[in-house]
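**Q** sequence? don't have it. structure:
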Ligand SMILES: O=C(O)CCC(=O)C(=O)O
C-alpha cells in the first residue's frame with residue numbers, strides 16, 4: 001500500500017508476547033485519568049483513558065497536564081523507540097482504549113504550543129484497531145490496522161496535511177494501549 005509522505009510503518013518494535021506483558025504492566029502502573037470534553041455545547045466523557053508523561057506541561061483536549069517524569073518502564077521503552085526511529089523523544093501520551101466503544105476522533109498532532117520536533121512515533125499494544133487517515137483538504141483517505149507491537153512514525157506532511165482517528169468498532173475487542181512519543185520544549 002502507498003502511504004502518504006511522512007507516514008512510515010516500521011517493523012514491529014516488540015514480539016506479541018512481550019507486547020502483551022508490557023500492556024499488562026502499563027495498564028497496572030499508570031494512574032489513568034478520565035476526562036470530559038465539550039462538543040457543540042455538550043459535555044461528554046472522553047471515550048478512553050489517558051495519561052501524559054514528560055518534562056513540560058502540555059495543554060491537551062482543553063486541559064493543562066502538569067510535567068510528569070517518565071517511569072522506569074517508560075524510560076526503557078523510550079530508548080527502544082528512539083533506536084528504532086532515529087528520533088529523540090522526551091514525552092509520551094498514553095491512550096487506553098478499554099474496548100471497541102473507546103475511540104479517538106479526527107484530529108491532527110501539529111499543535112505544540114512551544115514548538116519541539118513535531119514527529120510522533122506511535123506504539124500500539126493489545127487489540128488490533130483500525131487507524132484512519134484523511135487529507136485535510138478532502139480526498140480519499142486510508143486505513144491501517146495497527147497490531148500489537150507495531151510502530152508507526154508520523155512526520156511532516158502526514159501531520160500537517162492529514163488528520164487521523166481511531167473509530168469505534170462493533171467487533172468484540174480487548175483493551176488497546178497506544179503510546180505516542182513526542183518531543184516537546186518548554187515555554
Ligand atoms: O491510538 C492511536 O493509534 C492514535 C493516537 C493519536 O491519534 C494521538 O495520540 O494523537
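**A** Alright, I've got the coordinates. Being a predicted model, the structure only gives us computed values, none of them experimental.
**Q** contacting residues for residue 80?
**A** Applying CB atoms under 8 Å, 6 or more residues apart in numbering to residue 80 gives the contacts residue 13. C-beta: built from backbone N, CA, C; applies to glycine.
**Q** for the ligand, see how far away it is.
**A** 18 Å (CB to the nearest ligand atom, to the nearest Å).
**Q** work out for me the element that residue sits within.
**A** Residue 80 belongs to helix 72-85 when assigned by DSSP states H and E.
**Q** before we move on, what about residue 133?
**A** Per DSSP H and E: strand 129-135 holds residue 133.
**Q** partners of that strand in the sheet?
**A** The pairing partners recorded for strand 129-135 under DSSP bridges are strand 142-146 (antiparallel), strand 162-166 (antiparallel).
**Q** near the ligand, which residues of this structure show up?
**A** 93, 95, 104, 109, 122, 124, 131, 146, 164, 166, 178, 180 (CB under 6 Å from any ligand atom).
**Q** residues in contact with the helix or strand encompassing the last one?
**A** Counting by DSSP H and E, the element that carries residue 180 is strand 176-182. Applying CB under 8 Å, 6+ apart, the external contacts of strand 176-182 come out as 23, 26-27, 54, 77-78, 81, 89-97, 109, 112, 116, 120-129, 146, 148, 166.
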